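Give the three-dimensional model of this entry:
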Amino acid sequence: MPTNKIPVYIITGFLGSGKTTFLNQFIHYQPNKRIIVIENEIGKTNIDGALIIDSAEDVMELTAGCLCCNLNEKLYDLLFDLEKRRSEFDILMIETTGIADPSAVAETIWTGGFMGKNYELKNTICLADALNMQQSLENTDEARRQMTFSDIVLLNKCDLSDATKIKDLRTLIRALNPFAKIFEGIEGHFSHSEILQFSGQSKDRTEKKNKEISSLHEHKHKGIQTFTLVFDRPFDFAHLRHTLMLLLHVNKHQIYRIKGILDIPDMDNRMIIQSVYKSYRIEEGSLWGENEKRESKIVFIGNDVEKSSIERVFNQCLVKSFQTT
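Next comes the predicted model:
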């Protein structure tokens, strides 16, 4: 029986952004890989499922509902059944509806238990139409949530916009989601080899990106807020975990992502924190340098999240009495 986990890619993006076209290109690029696709559509008839090329190993349809609304039932059951067919395929692709919240889908795969043992979320990929992206972000909460949650943003249809507009869009994407890797493409054609090599969910990537973000200025866009908190005192680990559990449960619709580096007393390694929806994960990162300044740096992305309130909550989790050596 295979012991390796099933790699999963979630494809999201607002209506008309080119998700199915990209998915077909992705499948076509890997002729030697057996790919199963879970295709979701809001209506009772799944139009997009019929548009996926025949080289897909199998196309499984979930209709008459949005994935993020029926997550604990239909999707979980489908993933449970697919694990029994592990020897029949190499990659699982999940294409959500244009109005779905991908974080709820990711949480099922990302958390522990049966799913965590058998599935590995490689990337959440967001398709963004360069011509209409700004309007979608201005007008819809769903588009903003998709953008801020994703590990990769594929700026599609770049031939329909000029260089200045593309540069402005890239700046906007980085402001909303500083962790996202941005690729530009035309008609669903992207650098698939680079996409496959990239893993935004890895703790190494999170640690590296956090080190690069030396001073992220607070950014707001139509309710979406991105900011960084830096703490020069270590955290009480038990207190922090309990607070995170409560914070994410209460604010699961406001806090989209948390990614950061934590300083925990008596730990030789920095700790890496990531959150998805209402769940979080803390893993061991690299060693602190002998003469390196130990500090925690945490990036928050959310909807109308008050920075001062979050900072106040996290300050309560710091070690009360601490002396540097």
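
thought residue 102 was touching residue 12?
Yes: Residue 102 is within contact range of residue 12, at 4.2 Å (criterion: CB atoms under 8 Å). C-beta: built from backbone N, CA, C; applies to glycine.

residue ranges with poor pLDDT in this protein?
1-3, 41-57, 62-73, 213-217, 321-325 (pLDDT under 70).

List the contacts of stretch 105-124.
Applying CB atoms under 8 Å, 6 or more residues apart in numbering, the external contacts of stretch 105-124 come out as 5-10, 12, 67-68, 71-72, 75-76, 79-80, 83, 86, 92, 94, 96, 102, 149-152, 195, 198-201, 276-279, 281.

tell me which residues in that stretch are buried?
105-111, 115, 118-124 (16 or more other CB atoms under 10 Å).

what do you get for stretch 305-319?
305, 310, 314, 317, 318.

Would you convert those into CSV that also reports secondary structure and distance to residue 245?
What follows is these, written out as CSV (DSSP: H, G, I helix; E, B strand; the rest coil; distance: CB to CB, whole Å):
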residue, secondary structure, distance to residue 245
305, coil, 17
310, helix, 15
314, helix, 14
317, coil, 12
318, strand, 17
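
got the contact list for the residue nearest in space to the middle of the chain?
Closest residue to the average C-alpha location of the chain: residue 150 at 3.8 Å, with CA atoms, centre = their mean. Contact analysis of residue 150 by CB under 8 Å, 6+ apart lists 12, 102, 123, 124, 125, 126, 177, 180, 200.

in the stretch 201-325 of the chain, which spans are strands?
Secondary structure of the stretch 201-325 of the chain by DSSP state E, counting those that start in this stretch: the strands cover 219-221, 224-231, 255-262, 269-276, 279-287, 296-303.

Mind putting these into JSON lines with distance to residue 35 and mean neighbour count?
Putting the strands of the stretch 201-325 of the chain into JSON lines (distance: least, CB to CB, whole Å; neighbours: other CB atoms under 10 Å) gives the following:
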{"stretch": "strand 219-221", "distance to residue 35": "35", "mean neighbour count": "15"}
{"stretch": "strand 224-231", "distance to residue 35": "32", "mean neighbour count": "19"}
{"stretch": "strand 255-262", "distance to residue 35": "27", "mean neighbour count": "23"}
{"stretch": "strand 269-276", "distance to residue 35": "23", "mean neighbour count": "22"}
{"stretch": "strand 279-287", "distance to residue 35": "27", "mean neighbour count": "16"}
{"stretch": "strand 296-303", "distance to residue 35": "30", "mean neighbour count": "22"}
